[in-house]
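> The amino acid sequence is not available; the structure is as follows:
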């Protein structure tokens, strides 16, 4: 996710990776006129979680050896082979790293690239915040085609993170500008509005029990979708990314500079990593580990999950 301190200085990259971009999906028919607002519902209480008792001790970012350094590293995603994809919003670049952190390839000419989902076929679904749209990127040919065009709000930031719901084989799309959470089959074929009236949602995940959750850059940072609205969970604020491993969630807190484990059944949490300048990207690795990126330093590190 983009560093909010630097976003006003970003220039919009206007060229596609290929000479033209083809559209495989129509744009959304209408925009919502009412600006998104933060939920006023009372968040659920956060009793003690026994699941968090297995969490490792809190680490400090500076004490961990970097898996790799990618200047301006933003969002992360892992492929089926364990390799890492890294977006860099500030320079419109997408970088592919081996599982050990070695450079495999890197290419630019993307418009403020943010959230990444690697499909089963190996194609990349990528959020272009600069154009407020989702594109499909062929990692071999580097061809870019339109997956879904969103509708930007004047003066507001576009789409940020993405999520995947493997249970329903759909892409979860936090429509940040319009305060909505959308779902669309990974193969394309029609948008479903999952929730409206949300704050600036920037990441989403499907929970182990089948519920859908989102994180927001707001005072109510973790939301569970219920009957088309977001219900606050716990008391975490200004969250930027989210992944699920088993029944626990892991989130980045952008203002606090931390990575946090959360039990969504109780809202209780445990800090796993602190001292991160701008914790933007987060993805699950094999072996019950997490990869975390710091946009300020470009360092990407690996830590144990709970």
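Nice, I can see it. These figures come from a predicted structure and were not determined experimentally.

> Nearest spatial neighbour of residue 201, chain-adjacent residues omitted?
Excluding its sequence neighbours, the residue lying closest to residue 201 (CB to CB, 6 or more residues apart in numbering) is residue 174, at 3.7 Å. Every residue, glycine included, has its C-beta placed from N, CA and C.

> Check the burial of the one you found by counting its neighbours.
The local packing of residue 174 (other CB atoms under 10 Å) involves 28 other residues.

> Which secondary structure element of the chain has the lowest mean pLDDT?
strand 22-23 (a mean of 39; mean pLDDT, DSSP states H and E).

> ok now the following helix or strand past it, how far from the chain's centre?
Where DSSP states H and E defines the elements, the next helix or strand beyond strand 22-23 is strand 59-60. Strand 59-60 sits 22 Å away from the centroid of its parent chain (CA atoms, centre = their mean, to the nearest Å).

> Distance from the chain centre to the helix or strand following strand 59-60, please.
As assigned by DSSP H and E, the chain's next helix or strand after strand 59-60 is strand 68-69. Offset of strand 68-69 from its chain centre (CA atoms, centre = their mean): 19 Å.

> start the count at 889, not 1, going forward
Understood, numbering begins at 889; the last thing we discussed is strand 956-957.

> Walk me through which strands the helix or strand following strand 956-957 pairs with, and which way each runs.
Next helix or strand after strand 956-957 toward the C-terminus (DSSP H and E): strand 964-966. Counting by DSSP bridges, the strands paired with strand 964-966 are strand 972-976 (antiparallel).

> who touches the partner strand?
956, 958-967, 981-987, 989, 998, 1001-1004, 1006, 1012, 1014, 1169, 1171, 1179, 1181, 1188 (CB atoms under 8 Å, 6 or more residues apart in numbering).

> distance between the ends of stretch 1047-1065?
Stretch 1047-1065 has an end-to-end distance of 7 Å (CA to CA, to the nearest Å).

> can you check stretch 978-997 too?
Stretch 978-997 end-to-end distance (CA to CA) = 11 Å.

> Now do the buried residues in it.
By neighbour count on 16 or more other CB atoms under 10 Å, the buried set for stretch 978-997 is 978, 980-985, 989, 997.

> among the residues you listed, which two are most distant?
The span of the buried residues of stretch 978-997, defined through CB to CB, is set by 989 and 997 at 24.3 Å.

> what comes into contact with stretch 977-986?
So stretch 977-986 is contacted by 890-891, 894, 898, 901, 956, 958, 960, 962, 971-976, 991-1002, 1004, 1012, 1014, 1017-1018, 1025, 1027, 1188 (CB under 8 Å, 6+ apart).
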